[in-house]
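*Asks:* Fold the following, please.
(chains A, B and C)
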Amino acid sequence: MKNFLSFADAGDYKALLAQALEIKQNPYGYQHVGKNKTVGLIFFNPSLRTRLSSLKAAYNLGAQAWVLNAGADSWTLEMADGAVMNGTTQEHIKDAIAVMSQYCDVLGVRTFPTLKDKEADYSEEVLSKILQYATVPVISLESATLHPLQSFADLITVAETKRKERVKVVLTWAPHVRALPQCVPNSFADWFSEVDWVDFVITHPHGYELDPKFTKGARIEYDQKKALEGADYVQAKNWS
Amino acid sequence: MKNFLSFADAGDYKALLAQALEIKQNPYGYQHVGKNKTVGLIFFNPSLRTRLSSLKAAYNLGAQAWVLNAGADSWTLEMADGAVMNGTTQEHIKDAIAVMSQYCDVLGVRTFPTLKDKEADYSEEVLSKILQYATVPVISLESATLHPLQSFADLITVAETKRKERVKVVLTWAPHVRALPQCVPNSFADWFSEVDWVDFVITHPHGYELDPKFTKGARIEYDQKKALEGADYVQAKNWS
Amino acid sequence: MKNFLSFADAGDYKALLAQALEIKQNPYGYQHVGKNKTVGLIFFNPSLRTRLSSLKAAYNLGAQAWVLNAGADSWTLEMADGAVMNGTTQEHIKDAIAVMSQYCDVLGVRTFPTLKDKEADYSEEVLSKILQYATVPVISLESATLHPLQSFADLITVAETKRKERVKVVLTWAPHVRALPQCVPNSFADWFSEVDWVDFVITHPHGYELDPKFTKGARIEYDQKKALEGADYVQAKNWS
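*Replies:* This next block holds a predicted model:
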């Protein structure tokens, strides 16, 4: 079964990009794709852009959709395998995800990192359970470590607006008042480090290194000024 | 006006079962049924399976749907007739249900028992008010005493999977850490006690007798081992 | 860009009324209007009637729809321009409304008055920010000072049921246990004071005068008995 969780799931990214640009030109021309299909969207955390854009995408493609806010709309979910559920949780995620899978053709899932337990976050604790129990393809609407739809949208924007063959794209750390997840910069690196017409540079203070499994050998330049020299596109983002 | 609240509303259950099996074979073949129709779903209590399956059913049948979480999405509802609404409630259920009826063609309703006042629960206090004020057919998505869609789904499953003419179906009480409603076992008895190709047996400890208006003379066997002998299907469920 | 926020936005109200009556006769006959369109509905405050009627209207017109409960479904919104967002708000309304605009073709917005700061309320603080940032037409689903859809619906009801050329319509203040907004009476006056086949009278105790920009010179009669004499329609409503 095909999922969409990271750049690796994009397959031939050039073909995918070409298809996305074609659909943007002709947004209602693919309604046969979604005919009699239902997109399920489950949010373990709040969302505005991803929620609305996913709904609109489903509608444009001729599909129906349902949205579930975990906790608020349904039951409090137990995440731990083999847990004796004598506390406040009411339904095990194992059952919940199997049920959701029965009533949709593709399941979009938003989960957040705890930002307290890096190991748990980087093992994608919640998402990996969902993948284990889902019986339909899963699309990440942002997970503990990645946000593939946003990075793909960024790539589409760059592809649509660039005026020359090769472009320099810089991902730079920026200050913020709160501790923020690494999903967006991880994901940005995961995608842009792979695009063969992009010169990709990452810049951040010492100690803010992203996980090498996402930066995949991309050039890291600690001198921000130097990193930004000649940049065509800059993604400024905080991460903790 | 036709409602769907219990086995009695199924009419000819064999015809209904045959129709359900036919729709399962051909789920998108009935979209003329829902054309220009809207299914309203009002949840006074949380729901996962019933919420999603009802939405999916509406979509499969070509209908649109809306979902309302009572309290969270709209106003706090006053249930008492003639109440002077000078407290925290903001809208009377009498008006609310009449309004909902105007904007849907069928109204699915989930209510729960209080589990504190058996008489109030067994009089279906909330559901009966809704029935009083609704001007469209009402479908129970689980009420204080019954859960007809679940029992009908159970019947469909048995009918689909049985390998012989007659089958023995046992409803057995099972332990649980919390006090749970009687809706599911009541409803299971309400349906399975009526099916002429089912040998239906109920087993539970002394003191856990279900209401005779739902068990309708079904065989009750307090010795669980004996009850389960030769069973083809077992529904294990806690109730308090 | 056209918005629908008050009587002034109705344009030729006689033509609009005729169109509404025609659509009521033929509710599914205009589905070309909504084809491939999405109605966005954002609720900063609870709603039952307006929520469901707007959804049903979208469906009847062949459009899709999404609903967002501000706060519960998405992020906590910052309203103040130029605010340093180091508190509990997570997203600025400026971005949020721009995002919503991208994923719908018309945006319905419900906001409430604070009932604590009349100047802020009558400047339509929230709605005016939304208008500033929206890039699609905005429909008021009730704002701090007006409720145009309700008043238009009232006008449709009067037009549908009246048995004579001219009718007398009275808006009367009525007691209530709580302080209620002025939106509905303001809006009622905003509409009915303009209809040339209506003799419109407002009655209320001294000190409850509505804003003259909405009553627009309508006859105010403090003697309720006298005001109601010969009335064909009475709107009884509390306001504070």
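*Asks:* List the buried residues for stretch A:190-210?
*Replies:* A:190-195, A:198-204, A:208, A:210 (16 or more other Cβ atoms under 10 Å in any protein chain shown). Every residue, glycine included, has its C-beta placed from N, CA and C.
*Asks:* Show me chain A divided up by domain.
*Replies:* What automatic domain parsing lists as the domains of chain A is A:7-140, A:150-237.
*Asks:* and the two most separated of the buried residues of stretch A:190-210?
*Replies:* The span of the buried residues of stretch A:190-210, defined through Cβ to Cβ, is set by A:195 and A:208 at 22.8 Å.
*Asks:* Per-residue pLDDT of the residue most central in space within chain A, please?
*Replies:* Against the mean C-alpha coordinate of chain A, by Cα atoms, centre = their mean, the closest residue is residue A:147 at 2.2 Å. For residue A:147, the pLDDT comes out at 97.
*Asks:* likewise residue A:227?
*Replies:* Residue A:227 is given a pLDDT of 98.
*Asks:* how about the residue lying closest to it once chain neighbours are set aside, phi and psi?
*Replies:* Here the nearest residue to residue A:227 in space, its sequence neighbours aside, is residue A:203; by Cβ to Cβ, 6 or more residues apart in numbering or on different chains that works out to 3.5 Å. Main-chain dihedrals, residue A:203, degrees, to the nearest 10: phi -140, psi 140.
*Asks:* got the contact list for residue A:203?
*Replies:* A:170-173, A:220-224, A:227-228 (Cβ atoms under 8 Å, 6 or more residues apart in numbering or on different chains).
*Asks:* right, quick check: the helix-or-strand element of chain A with minimal mean pLDDT against chain B, any contact?
*Replies:* The weakest-scoring helix or strand in chain A, judged by mean pLDDT, DSSP states H and E, is strand A:77-78 (a mean of 72). No - Strand A:77-78 does not reach chain B (Cβ under 8 Å from any Cβ of the partner chain); its nearest approach is 9.2 Å.
*Asks:* which stretches of chain A form strands?
*Replies:* In chain A, the strands defined using DSSP state E lie at A:38-43, A:64-69, A:77-78, A:91-92, A:106-110, A:138-140, A:167-173, A:198-203, A:219-220, A:233-237.
*Asks:* what helices or strands is the last one leaning on?
*Replies:* Here strand A:233-237 is seen to pack against strand A:167-173, helix A:183-192 when contacts are counted using 3 or more Cβ pairs under 8 Å, 6 or more residues apart in numbering or on different chains; DSSP states H and E.
*Asks:* Go through the strands of chain A and name the closest to residue C:122.
*Replies:* Comparing those by Cβ to Cβ, strand A:64-69 comes nearest, at 34.4 Å.
*Asks:* Could you list the low-pLDDT ranges of chain A?
*Replies:* By pLDDT under 70, the low-scoring segments of chain A are A:1, A:71-75, A:85-89.
*Asks:* where do the helices sit along it?
*Replies:* For chain A, the helices defined by DSSP state H cover A:13-25, A:31-34, A:49-60, A:93-102, A:118-122, A:125-133, A:148-161, A:183-192, A:212-215, A:224-228.
*Asks:* Can you point out the buried residues in the first one?
*Replies:* Yep, that's helix A:13-25 we're talking about. A:13, A:16-17, A:20, A:23.
*Asks:* so what's the residue nearest to residue A:162 when sequence neighbours are not counted up against?
*Replies:* Distance criterion Cβ to Cβ, 6+ apart; nearest residue to residue A:162, sequence neighbours excluded, is residue A:232 at 6.7 Å. Counting by Cβ under 8 Å, 6+ apart, residue A:232 touches A:162, A:164, A:167-169.
*Asks:* Residue A:150 too?
*Replies:* A:49-50, A:142, A:184, A:187 are the contacts of residue A:150 under Cβ under 8 Å, 6+ apart.
*Asks:* run the last query once more with 10 Å
*Replies:* A:49-50, A:53, A:140-142, A:183-184, A:187-188, A:191 (Cβ atoms under 10 Å, 6 or more residues apart in numbering or on different chains).
*Asks:* what about residue A:160, neighbour count?
*Replies:* By the criterion of other Cβ atoms under 10 Å in any protein chain shown, residue A:160 has 11 neighbours.
*Asks:* Quick check, residue A:210 in contact with residue A:240.
*Replies:* No - here residue A:210 lies out of contact with residue A:240, judged by Cβ atoms under 10 Å, at a distance of 11.3 Å.
*Asks:* Mutual contacts of these two, please.
*Replies:* Between them, residue A:210 and residue A:240 share the contacting residues A:173, A:182, judged by Cβ under 10 Å, 6+ apart.
*Asks:* burial count for the nearest residue to residue A:98 once chain neighbours are set aside?
*Replies:* Sequence neighbours aside, residue A:133 is the residue nearest to residue A:98 in space, at 5.4 Å (criterion: Cβ to Cβ, 6+ apart). Residue A:133 is flanked by 17 other residues according to other Cβ under 10 Å.
*Asks:* what do you get for residue A:27?
*Replies:* Neighbour number of residue A:27 under other Cβ under 10 Å is 14.
*Asks:* quick one: contacts for it?
*Replies:* A:56-57, A:59-61, C:36.
*Asks:* again, only this time at 8 Å
*Replies:* A:60, C:36.
*Asks:* What separation do you get for it and residue B:160?
*Replies:* Distance of residue A:27 to residue B:160, computed by Cβ to Cβ, to the nearest Å: 40 Å.
*Asks:* residues touching the residue lying closest to residue A:231 once chain neighbours are set aside, list them.
*Replies:* In this structure, residue A:231 finds its nearest non-sequential neighbour in residue A:170, 4.4 Å apart by Cβ to Cβ, 6+ apart. Residues near residue A:170 by Cβ under 8 Å, 6+ apart: A:200-203, A:227-228, A:231, A:233-235.
*Asks:* The same query, at a cut-off of 6 Å, please.
*Replies:* A:201, A:227-228, A:231, A:234 (Cβ atoms under 6 Å, 6 or more residues apart in numbering or on different chains).
*Asks:* Tell me the residues on chain A that lie near chain C, please.
*Replies:* A:28, A:46, A:48-49, A:52-53, A:55-56, A:59, A:177 (Cβ under 6 Å from any Cβ of the partner chain).
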